[in-house]
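> Let me see the structure of the following:
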Amino acid sequence: MIGLIISILSVIGIVSYAWLVFLSPWFIEVLKITAFVAVAIILGIIAWIGYTIATAPEPKPIEEIEKELEKTVGPIEEKVQKKK
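Residues are numbered from 1 along each chain as shown. Now for the predicted structure:
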């Protein structure tokens, strides 16, 4: 049911936008708003990615990761070898 409602609203949106762009006297304003919104969304996504990268914690050095793996994987490997 929700999918049907979304489909109907999408078609209404397409028809409305087509009328605004091709038949209304405000087509230039509609195109300006559309272009602004599209550019703002793209730049907003880029800003979000940049913020995420800037605020991400620094990765651990490989040596630390190797030590942690030795602590956790080492006992598991010993148990597997004992079962054989």
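> Against L43, how distant is G50?
Counting by C-beta to C-beta, to the nearest Å, the gap from G50 to L43 is 10 Å. Quick note: C-beta positions are derived from backbone N, CA and C, even for glycine.
> Tell me where this protein has helices.
2-22, 27-55, 62-83 (DSSP state H).
> could these go into TSV alongside mean pLDDT?
Shown next, in TSV, are the helices of the chain (pLDDT from 0 to 100):
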stretch	mean pLDDT
helix 2-22	96
helix 27-55	97
helix 62-83	72
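> and those as TSV, adding mean neighbour count?
Formatted as TSV, the helices of the chain follow (neighbours: other C-beta atoms under 10 Å):
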stretch	mean neighbour count
helix 2-22	10
helix 27-55	10
helix 62-83	9
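> Against Y51, how distant is the residue most central in space within the chain?
Nearest to the mean C-alpha position of the chain, by C-alpha atoms, centre = their mean, lies I45 at 7.9 Å. As for I45, its distance to Y51 is 11 Å (criterion: C-beta to C-beta).
> What of A18?
For A18 relative to Y51 (C-beta to C-beta), the value is 36 Å.
> what does P57 give?
14 Å.
> likewise S10?
Counting by C-beta to C-beta, the gap from S10 to Y51 is 31 Å.
> Repeat that for V15.
Relative to Y51, and taking C-beta to C-beta, V15 is found at 37 Å.
> Same question for W26.
35 Å.
> what does L9 give?
Counting by C-beta to C-beta, the gap from L9 to Y51 is 32 Å.
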